[in-house]
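# coordinates only, no sequence provided:
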């Protein structure tokens, strides 16, 4: 089954404790992206990757890091989480950046930073 | 620059009635337009898209959307709403002329279908 998986689905952590949210897709997609969803603000893009070893900042990259060492994986790293990073996070992928390609979304990771 | 607006935070409709969720966009070239749905505690799911050609696009779960170039709109419609259609709906746009490889999402519209 074609899918995007994220882990963990739920995470409660404390300020400053480094964490990683994993994302993996099995569709051989070139483009992958991370979003955060907050009430009243919709979806905001954090980082994206157009292919292996190619990443770039989205609209709200501060406090986040990403890497794309393999085509299928695109982990999101919070090196020193803060309470304002409490949010619902989604990973997404599409066949390519650009073009008329829809995105496939993971189930989401709900992060709480205390 | 590209942008998209969903002017209604919430739409209420009775089951069995037709529904419309509005979306307007702005691009410098021609648009690629998308609708996604998010059910509670789930990720976004693709519903339908407009690339070119026929202005009426049909998608999943009986939804359709009408592309109107003169009004720069891409409203989502369904002839008869179901309670199970209650969800959050997102419109997204990407400028086919390039400049940005990344789609822009609207803020979402909460659709509530009353029994």
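It's in. None of the values given here were measured: they were computed from a predicted structure. Numbers count the residues shown, from 1 in each chain, chains lettered A, B, ... in the order given.
# drop to CA atoms for contacts and neighbour counts, all remaining ones
Fine.
# now the residue nearest the centre of chain A. Nearest residue, chain neighbours left out?
The residue lying closest to the centre of chain A (Cα atoms, centre = their mean) is residue A:34, at 2.8 Å. Spatial nearest neighbour of residue A:34, chain neighbours left out: residue A:91 (4.6 Å); criterion: Cα to Cα, 6 or more residues apart in numbering or on different chains.
# wait, what's in contact with that neighbour?
Counting by Cα atoms under 8 Å, 6 or more residues apart in numbering or on different chains, residue A:91 makes contact with A:4, A:6, A:23, A:32, A:33, A:34, A:35, A:105, A:106, A:108.
# residue contacts, the closest residue to residue B:78 other than its chain neighbours?
Take residue B:78 and drop its neighbours on the chain: the residue closest to it by Cα to Cα, 6+ apart is residue B:63, 4.9 Å away. Residues counted as contacts of residue B:63 (Cα under 8 Å, 6+ apart) are B:47, B:76, B:77, B:78.
# now render those as JSON lines, adding neighbour count and secondary structure.
Shown next, in JSON lines, are these (neighbours: other Cα atoms under 10 Å in any protein chain shown; DSSP: H, G, I helix; E, B strand; the rest coil):
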{"residue": "B:47", "neighbour count": "22", "secondary structure": "strand"}
{"residue": "B:76", "neighbour count": "25", "secondary structure": "strand"}
{"residue": "B:77", "neighbour count": "18", "secondary structure": "strand"}
{"residue": "B:78", "neighbour count": "19", "secondary structure": "strand"}
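# ok, of the residues you listed, which one's closest to residue A:64?
Distance ranking of these against residue A:64, using Cα to Cα, places residue B:47 first at 29.9 Å.
# the closest one and residue B:38 touch, don't they?
No - counting by Cα atoms under 8 Å, residue B:47 sits too far from residue B:38 to count as a contact (10.1 Å).
# show me what from chain B comes close to chain A.
Counting by Cα under 8 Å from any Cα of the partner chain, the residues of chain B lying close to chain A are B:32, B:34, B:41-46, B:49, B:51, B:94, B:96, B:98, B:100-102, B:105-108.
# thanks a lot, see you next time.
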